[in-house]
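A.B. asks: Below are the sequence and a predicted model; questions follow.
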Amino acid sequence: MKKYCTIILLLCFIILIAGCSTTAMTDTDFTVKVSGTEGLKFNGSYMITTTEGKSESKSVDGTVPTEYTMKGNIVSVSFQKQTDAGDLKGEILQGNKVVAQSETSAAYGVVAVATPSN
């Protein structure tokens, strides 16, 4: 339970920082790639916020590798390894360009990534 609380607090912090921009934006297409040790199990969540201020959050359980696609202007993700071994990497791509990434090899490690503020 403590792990989930930490993830949720981290996501809120990332969204707060990313939401401080006053520049006008438009929604764009994003891809979230989860990679690392093939077959590694993970869980976590991602959140997308649109220029209209609507947000959608989704909890996921997955296996490396996998991808999620979404449209908005702010994306934040947090995924946690479900084992002590292996590597986990999270990337947010806008088109073919990686705009944010994080990786871990720590036991039950967490990757948390958000699109940068403009």
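C.D. replies: Perfect, thanks for sending it.

A.B. asks: Bridge partners for the residue positioned nearest the centre of the chain, pull those for me.
C.D. replies: By CA atoms, centre = their mean, the mean C-alpha position of the chain lies nearest to V77, the distance being 1.7 Å. With beta bridges defined as DSSP bridges, V77 has these partners: Y46, V113.

A.B. asks: who's in contact with it?
C.D. replies: For V77, the contact set (CB atoms under 8 Å, 6 or more residues apart in numbering) comprises 32, 44-47, 90, 92, 111-114. Where C-beta positions appear, they are placed from N, C-alpha and C, glycine not excepted.

A.B. asks: Return the member of these nearest to T69.
C.D. replies: Using CB to CB, the shortest approach to T69 within the contacts of V77 belongs to V32, at 7.7 Å.

A.B. asks: now the helices: where do they sit in the protein?
C.D. replies: Secondary structure of the chain, counting by DSSP state H: helices at 2-18.

A.B. asks: So which helix or strand of this structure has the lowest pLDDT on average?
C.D. replies: Of all the helices and strands that make up the chain, the one with the lowest confidence by mean pLDDT, DSSP states H and E is helix 2-18; it has a mean of 55.

A.B. asks: ok so, going back, against G62, how distant is the residue nearest to the centre of the chain?
C.D. replies: As defined by CB to CB, to the nearest Å, V77 lies at a distance of 11 Å from G62.

A.B. asks: Sketch out the low-pLDDT regions of this structure for me.
C.D. replies: Filtered on pLDDT under 70, the chain yields the residue ranges 1-25, 117-118.
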